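> predicted model follows, preceded by the sequence.
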Amino acid sequence: MQGIGIGESDFKGLRIRDYYFIDKSLFVKDIIDNNSKVVLITRPRRFGKTLNMSMLKYYFDCKTTDNQELFKGLKIMEQGEKYTSKQGYYPVIYITLKDVQDRNYENMLLNMKTAILEMYQEHRYLLDSESVYPEEKEKIKEILYAKENEVDLKNSVKELSKYLNRHYGKPAMLLVDEYDVPLQNAYIEGYYEEAIKFFKTFYGVTFKDNQYLEKTVITGVSRVAKESIFSGANNFKVFTILDNEFSSDFGITTEEMEKVISDFEIEGEKEEIREWYDGYTIGNLTGIYNPWSILNYLTDRKLVPYWVNTSSNDLIKLILKNSTTVKEKIERLLKNEAIEVIVDQETVIVGIEQKEDNIWGLLVGTGYLKIVETVNITEGRYKVKIPNYEIKALFQSIVRDWFRDKVIGNDLNSILKDLVTLNLKEFEKKFKILVEQMFSYMYVGINTAENFYHAFVLRNVSGIKR
């Protein structure tokens, strides 16, 4: 049995080590067939975005001649000359922004310098190119020594594409992975306005009238509003999980999962695996499994939340904690109900917790909810539901955090202790906060309110006595 390459996001490393690989090479075909100059694909985290981008890099890259062996036996090599002729044809610029985050804007810029430096290091050979002018080589050296200023940083990708175009005599492919990480982190840490100003200029310079690029592929978790960051991009197309394009290129489809189950001889656990890690929908394609959780399950053979524990979920928790409108709907979702909401696909991060449509859009786009029915596509109205047990565990954790945050001293039992010890003034103060900020109006309807409060008190008092 082949090994499991957990955490291996480099396509070449995965293939050389002969790790188990679900063939997603037709993603290359889908990119070639797409006519957009700039393609942005949003998918939940850990759904194979980085591995797929790495695969594109090795497929198109013309500076290395031995990459064809990596694709031997894969579906893309059976698609005909239209596609195989593009193998090893273009110079490729690859940059990941996953580490371009920090507590303040200045440190974020330092991390951006590091990301650009790593991008340039792959093309150090340009220092020996006769097609690159002496003054341009000095600019390359400044970046390699991390001495460039902010203006040079904003121009770095376009300048590199110009050098590559002149050196190879053909335009470059640009691959940008995790493009939205810096902006999400900037919002959480409080320097979003500075970050959005930088990246709006950075992407504007990179894309606008850049004749040195053949095509750009961008991946991320959320779709940041175009006017906020990509206003300078021409022929720009976004593909979210609501679109049919690229629907089978990320995640594990039902057909692929059947093969995994057969290969690893786990037919007996099939139904439990489905309940825990299945349930995602991309476009019209249903029954998509979370690949990160599946790989970990194949290694550990334990039904536990793998995916929701891979990051702090800070943005989701911040939004849900501060929103004044979604708590009752979250309660219904936790009862396995489908709720009807408006899903705004463009994420306007600033003040998102005050814009309910934006919140549902982010939760759907990032994989925390799935669409089960289209109610009115013109209005963007859908019915949504929690996809599986793993995500339900996260929502339950968030609700527990709400209680801890709202109850003085972060101790729910202290309220009941104040009651049974007749410390009534303290009980009144704490219980008032709990009722105002935590109890749903659904609990206190006609002829039901008194019963609910009785149940709340009796249940927790009995808990204290035990």
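Sure thing, it's come through.

> next one: the residue most central in space within the chain from Gln354, what distance?
Centroid-nearest residue in the chain: Val221, 2.6 Å away (criterion: CA atoms, centre = their mean). Look at Val221 and Gln354: by CB to CB, to the nearest Å, they are 21 Å apart. No exception for glycine: its C-beta is placed from N, CA and C like everyone else's.

> now Leu127
Distance from Leu127 to Gln354, by CB to CB: 51 Å.

> do Ser85 as well
In terms of CB to CB, Ser85 sits 51 Å off from Gln354.

> looking at those two, which is more packed in?
Just comparing Ser85 and Gln354: by other CB atoms under 10 Å the higher neighbour count belongs to Gln354, 13 against 10.

> quick one: pLDDT of that one?
Among the per-residue scores, Gln354 shows a pLDDT of 70.

> one more: Asn67?
92.

> roughly how far does it sit from Val132?
With CB to CB as the criterion, Asn67 and Val132 are 24 Å apart.

> contacting residues around Ile22?
Contact partners of Ile22, counting by CB atoms under 8 Å, 6 or more residues apart in numbering, are 252, 256, 259-260, 291.

> same thing but 10 Å
Contact analysis of Ile22 by CB atoms under 10 Å, 6 or more residues apart in numbering lists 48, 51, 251-253, 256-257, 259-260, 291, 294-295.

> what ranges does the stretch 351-466 of the chain have for its strands?
Under the criterion DSSP state E, counting those that start in this stretch, the stretch 351-466 of the chain carries strands at the ranges 370-376, 381-385.

> which of those strands sits most buried?
Of all these, strand 381-385 carries the top mean neighbour count, a mean of 19, counting by mean count of other CB atoms under 10 Å.

> ok, and the closest non-adjacent residue to Lys317?
Ile398 (5.9 Å; CB to CB, 6 or more residues apart in numbering).

> what ranges do the strands span in the stretch 151-300 of the chain?
Assigned by DSSP E, counting those that start in this stretch, the stretch 151-300 of the chain shows strands spanning 172-177, 213-220, 236-239, 280-282, 285-288.

> lowest average pLDDT across the ones you listed?
Lowest mean pLDDT within the strands of the stretch 151-300 of the chain: strand 236-239, a mean of 90.

> buried stuff in that one?
Buried residues in strand 236-239, counted by 16 or more other CB atoms under 10 Å: 236, 238-239.

> in contact with Leu212, which residues?
Rather than Leu, residue 212 is Tyr. By CB under 10 Å, 6+ apart, the neighbours of Tyr212 are 91, 93, 157-166, 170-172, 174.

> if we use 6 Å, what do you get?
With contact set as CB atoms under 6 Å, 6 or more residues apart in numbering, Tyr212 has these partners: 161-162, 165, 171.

> list buried residues within those.
161-162, 165, 171.

> what about those residues, which are in helices?
161-162, 165 (DSSP state H).

> check which helix or strand covers Ile95.
strand 92-96 (DSSP states H and E).

> avg pLDDT for the helix or strand that that strand is followed by?
Sequence order places helix 105-121 as the next helix or strand after strand 92-96, per DSSP H and E. Helix 105-121 carries an average pLDDT of 97.

> run through who's touching helix 105-121.
With contacts defined as CB under 6 Å, 6+ apart, helix 105-121 is touched by 95, 99-100, 102, 143-144, 146, 156, 191, 194.

> now it: buried residues?
The neighbour-count check on helix 105-121 (16+ other CB under 10 Å) flags 105, 108-109, 111-113, 115-116, 119-120 as buried.

> and which of these is nearest Tyr179?
Proximity of these to Tyr179 was ranked by CB to CB; the top entry is Ala115 with 11.2 Å.

> how far off centre is stretch 27-41?
Taking CA atoms, centre = their mean, to the nearest Å, the mean C-alpha location of stretch 27-41 is offset from the chain mean by 19 Å.
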